[in-house]
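Engineer: Sequence and predicted model, in that order:
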Amino acid sequence: MTATSQPEATPHEVPHPPHHASRRTAMLAVGALGVVYGDIGTNPLFAMREAFTEHSLALTEQNVLGLLSLMVWSLIIVISLKYLTFVMRADNDGEGGILALTTLAARSLVDVPNRRRAQGLLVLIGLFGAALLYGDGVITPSISVLSAIEGTTLRFPQLDHVVVPLALLVLLGLFSVQSRGTGAIGRAFGPVMIVWFLVIGVLGATHVAQRPRVLEAVNPLHGVRFFLDNGFDGFLVLGAVILTVVGGEALYADLGHFGRRPITVGWYGIVLPSLVFVYLGQGALLLEEPDAVENPFFRLAPEWAVMPLVVLATMATVIASQALISGAFSLTSQAIQLGYAPRLRVKHTSAKEIGQIYVGAVNWSLFALCVLLVLGFRKSENLAAAYGMAVTTTMVLTTLAFYVVARHHFDWPRWRAVPLCGLFLVVDLGFFGATLFKIPHGGWVPLVLAGIIFTVLTTWRTGRRLVQERLMSDVLPLDRFVEDLAHTPPLRTEGTVAHMSASPGLTPVSLLSMLRLSHSMPDQVLVISVVTANVPRVHTLRRAEVTDVGSGVFQVVLNFGFMERPDVPKALAERVVMKLGCDLGSVTYLVGRGSVRVSARPGMAGWRERLFDLLSRNATPASVYLRLPPAQTVELRLPVEL
């Protein structure tokens, strides 16, 4: 049999004429503000408050300047330097996120000792990082919406009892509009976020102008002195400082939705200046009015503007949740295509941008978990302890995976890769170490969620491998099967039958079963294997590979990227039908589906076998996922003992 070659990837976006490029970048940058930067843009609502109230930090001028210095330099090092300058260059043909990064890293390990073990470790890192992002996608909407609506209690303390119901109502509205697509949401939310960043920037700058000494916080020596003055307590405050950069991983995860340039333009054009001014402004306010520490963000506004700011903040926090939600959709699609997650219905919401998708099952699962968190914690300050644990862990994993990409994909020498990644790792581990102390106070929430999702992903991956091994244990190579046909030719009937096969080069169990039952075979047999490449998209010219095995049997390998949903009939119509001269409307598709039976055979633990059985029974059928026409498809149940 011929081996399948590595498919080539298409560019992520279709090239546009030069006179349209600037306009397109500007439009995408506005959309990115509405999707990508909502998360990091609403952190000023609670980050400064948590640093002083949660950690009982003394409200001295030096502490304020030191804390501001840590916040500003965290934005510069983590977002500007790490993610925008370096990590986002490590895109997997336009796609970002921890799963795409580790896939790229694993693919780059060519001449490495113990290659398979190293690749397996990278896969596990990617899966756990993806699981952590799902956990963050639950906490972000909950804490953001709660913190915004809590601003109403500054003017109307008697409304404290309606904060939770209002938060749940807002969350319901947010998750209800997801099916309209990231692009449409971004266009609607982008202008709102522009207003948001301008307002918070102006509010902060107003207080900075009244107390310009806070500009000294730009000097990193204030951050160093902060640690020297506060010792271990200063280290623990990093658990609040991390709240300023939460959302950085979402920038990378949403890379496929907008592209690197629009995201970068949005950051330097409006987001970074606004964030720096609003944090410096809160610091200036605390130096003037220490009692504002209970809610320094809303106290930035004059009394008459508090309620309009609450409304704007609520809209912004709804948008903040969008970055993690759309990132979760992207990760789910990648995981399905790479075989790490059960097949789910994935809806493409844009004809122009391939990365814009909607996954209903993920959307409503996130909503249900958000409801539970809001009802369980009830206040944003209670949820703050849970916030950051998932992010810091993902940041560490991202740095480790990026080092592999830098060394083996970019071919960087050690003298270049080690110092840079070492700097990132020191910062990441500092944040990670501080958030470890949050685990008893709520930090366990994202870890438990990530552990559950990681268990599901690894169970599905292992279960699929075992099913394939059991089904294929006695299967003949396809060329050997054709040789046997020449010795004992079966009765041939008219027509074309396509047998779906998970493994190219092997005879499908469905073909063997039909031959054994009917003692006949159609004149033309297509053995179709769908192969997912480690690139997001595959060029249509490399979509199909057809091999004439003999005796009317053809091996057809259809190549798809991990961000493409396979469409078998369409691929056959484009690249195969003319070559073979068959009528696509009369082709019968046979799909073998393993019917799992839990047993005592060695493989997985009993509880994992039952979990895999549950996932398998609820997964979207392969015939639906591959878009096979129902009237022409026959599904064969094949019993498999795990």
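Structural biologist: Structure's in. What do you need?

Engineer: Tell me the helix or strand right after the longest helix seen in the chain.
Structural biologist: Secondary structure of the chain per DSSP state H: the longest helix is helix 115-149. Using DSSP states H and E, the next helix or strand after helix 115-149 towards the C-terminus is helix 152-155.

Engineer: tell me which residues of that next one are tucked away?
Structural biologist: 152-154 (16 or more other Cβ atoms under 10 Å). Where C-beta positions appear, they are placed from N, C-alpha and C, glycine not excepted.

Engineer: pLDDT (mean, whole number) over stretch 448-466?
Structural biologist: Mean pLDDT, stretch 448-466: 89.

Engineer: what ranges do the strands span in the stretch 401-550 of the chain?
Structural biologist: Along the stretch 401-550 of the chain, counting by DSSP state E, counting those that start in this stretch, strands occupy 491-500, 520-532, 544-550.

Engineer: Which strands border the shortest one, and is each parallel or antiparallel?
Structural biologist: Paired with strand 544-550 in the same sheet, following DSSP bridges, are strand 553-560 (antiparallel).

Engineer: relative orientation of the partner strand and strand 491-500 in degrees?
Structural biologist: Counting by axes from the mean of the first three to the mean of the last three Cα atoms, to 10 degrees, strand 553-560 lies at 10 degrees to strand 491-500.

Engineer: Okay, buried residues for stretch 510-526 please.
Structural biologist: Buried-residue list, stretch 510-526, by 16+ other Cβ under 10 Å: 510-512, 514-515, 521-522, 524-526.

Engineer: want to throw those into a markdown table with pLDDT and distance to P413?
Structural biologist: Below are those laid out as a markdown table (pLDDT from 0 to 100; distance: Cβ to Cβ, whole Å):
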| residue | pLDDT | distance to P413 |
| --- | --- | --- |
| S510 | 84 | 52 |
| L511 | 87 | 52 |
| L512 | 84 | 53 |
| M514 | 83 | 57 |
| L515 | 85 | 58 |
| M521 | 89 | 58 |
| P522 | 90 | 58 |
| Q524 | 90 | 55 |
| V525 | 90 | 53 |
| L526 | 92 | 49 |
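
Engineer: Need the max-distance pair from those residues.
Structural biologist: L512 and Q524 (17.5 Å; Cβ to Cβ).

Engineer: Let me see the confidence value for L84.
Structural biologist: Reported pLDDT for L84: 92.

Engineer: hang on, it packs against V265?
Structural biologist: No. Applying Cβ atoms under 8 Å, one finds L84 not in contact with V265, separated by 10.5 Å.

Engineer: what about P191, neighbour count?
Structural biologist: Using other Cβ atoms under 10 Å, P191 has 12 neighbouring residues.

Engineer: Which stretches in the stretch 51-200 of the chain count as helices?
Structural biologist: With DSSP state H, counting those that start in this stretch, the ranges of helices along the stretch 51-200 of the chain come out as 61-74, 98-108, 115-149, 152-155, 163-176, 182-210.

Engineer: picking that back up, shared neighbours, L84 and V265?
Structural biologist: Residues touching both L84 and V265 (Cβ atoms under 8 Å, 6 or more residues apart in numbering): none.

Engineer: so the longest helix of the chain versus helix 163-176, what angle?
Structural biologist: Using the same axes, to 10 degrees: helix 115-149 against helix 163-176 is 130 degrees.

Engineer: now helix 115-149, how far from the centre of its chain.
Structural biologist: Distance of helix 115-149 from its chain centroid, counting by Cα atoms, centre = their mean, to the nearest Å, is 7 Å.

Engineer: Please point out which parts of it sit buried.
Structural biologist: Neighbour counts over helix 115-149 (16+ other Cβ under 10 Å) mark 118-119, 122-149 as buried.

Engineer: Out of the strands of the stretch 401-550 of the chain, which one sits most buried?
Structural biologist: Mean neighbour count (mean count of other Cβ atoms under 10 Å) peaks for strand 520-532 among the strands of the stretch 401-550 of the chain, with a mean of 19.

Engineer: and it, C-alpha only, in PDB?
Structural biologist: Extracted in PDB, the C-alpha atoms of strand 520-532 (Å, rounded to 0.1, in the frame of the first residue of the first chain):
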ATOM      1  CA  SER A 520     -20.700 -11.500  -3.100                       C
ATOM      2  CA  MET A 521     -19.100  -8.200  -3.700                       C
ATOM      3  CA  PRO A 522     -19.900  -5.100  -5.800                       C
ATOM      4  CA  ASP A 523     -18.000  -4.500  -9.000                       C
ATOM      5  CA  GLN A 524     -16.500  -1.400  -7.500                       C
ATOM      6  CA  VAL A 525     -15.400  -1.100  -3.800                       C
ATOM      7  CA  LEU A 526     -14.000   2.100  -2.300                       C
ATOM      8  CA  VAL A 527     -12.200   1.700   1.000                       C
ATOM      9  CA  ILE A 528     -12.300   5.300   2.400                       C
ATOM     10  CA  SER A 529     -10.100   6.400   5.200                       C
ATOM     11  CA  VAL A 530     -10.400   9.900   6.700                       C
ATOM     12  CA  VAL A 531      -7.000  11.100   8.000                       C
ATOM     13  CA  THR A 532      -6.600  14.100  10.300                       C
END
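
Engineer: elements contacting that strand?
Structural biologist: Where contact means 3 or more Cβ pairs under 8 Å, 6 or more residues apart in numbering; DSSP states H and E, strand 520-532 is packed against strand 491-500, helix 509-518, strand 553-560, helix 568-575.
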